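1. predicted model and sequence follow; I will ask about them next.
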Amino acid sequence: MFEQWAPVLDLVICLDAPNPILQQRINSRDRWHPVQAKPEPKIAQFLNRYRASYRYVLRRLSSNDGPTVIAFDTSTITTGELASLAISICLNHSLPENNERLAVRNRTNLVDRTALVGDRT
């Protein structure tokens, strides 16, 4: 499966935030969520499992000449800034210069400027 999808995808944009912020967002939403109103350790376990799954998939895609992965820490960027950056990246097929809010993974290496990639506890 990864061998089929890797060459098809050019870019993956990941959105994440620290667990306390995600917990607050989950608990304040009107729509049901599987860990809504659960204790903090259960929410952290759920979020960390999701991150691990995403990292696994993205690592497998990258090992098959897959897409560039750009990760945004949504606790440090507004929705408007995020939308502008995402549109710019998609239209220009390049990353903005000196943007400290990006963690970028390309086919060969990882430049982590936000500590976003990895466990967020």
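-> Here it is on my side, so go on.

2. state the next helix or strand along the chain beyond the longest helix belonging to the chain.
-> In the chain, taking DSSP state H as the definition, the longest helix is helix 40-62. The helix or strand immediately downstream of helix 40-62 is strand 68-73, counting by DSSP states H and E.

3. list the helices and strands that next one packs on?
-> strand 11-16, helix 79-92, strand 102-105 (3 or more CB pairs under 8 Å, 6 or more residues apart in numbering; DSSP states H and E). Any C-beta I mention is one placed from the backbone N, CA and C, and that applies to glycine too.

4. let me have the ones you listed in a markdown table, extended by mean pLDDT, mean neighbour count and distance to Val69.
-> Rendered in a markdown table, the data for the helices and strands packed on strand 68-73 read as follows (pLDDT from 0 to 100; neighbours: other CB atoms under 10 Å; distance: least, CB to CB, whole Å):
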| stretch | mean pLDDT | mean neighbour count | distance to Val69 |
| --- | --- | --- | --- |
| strand 11-16 | 89 | 16 | 5 |
| helix 79-92 | 86 | 12 | 12 |
| strand 102-105 | 49 | 20 | 4 |
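
5. least trustworthy helix or strand in the chain by mean pLDDT?
-> Ranking every helix and strand in the chain by mean pLDDT, DSSP states H and E puts strand 110-112 at the bottom, with a mean of 35.

6. which residues are contacting whichever strand or helix holds Gln24?
-> Using DSSP H and E, the element containing Gln24 is helix 19-28. By CB atoms under 8 Å, 6 or more residues apart in numbering, the residues outside helix 19-28 that reach it are 16-17, 33, 35-37, 40, 43-44, 47-48, 74-75, 120-121.

7. for the closest residue to Ile13 other than its chain neighbours, give the beta-bridge partners.
-> Nearest non-adjacent residue to Ile13, counting by CB to CB, 6 or more residues apart in numbering: Ile70, 5.3 Å away. Ile70 has these beta-bridge partners by DSSP bridges: Ile13, Val104.
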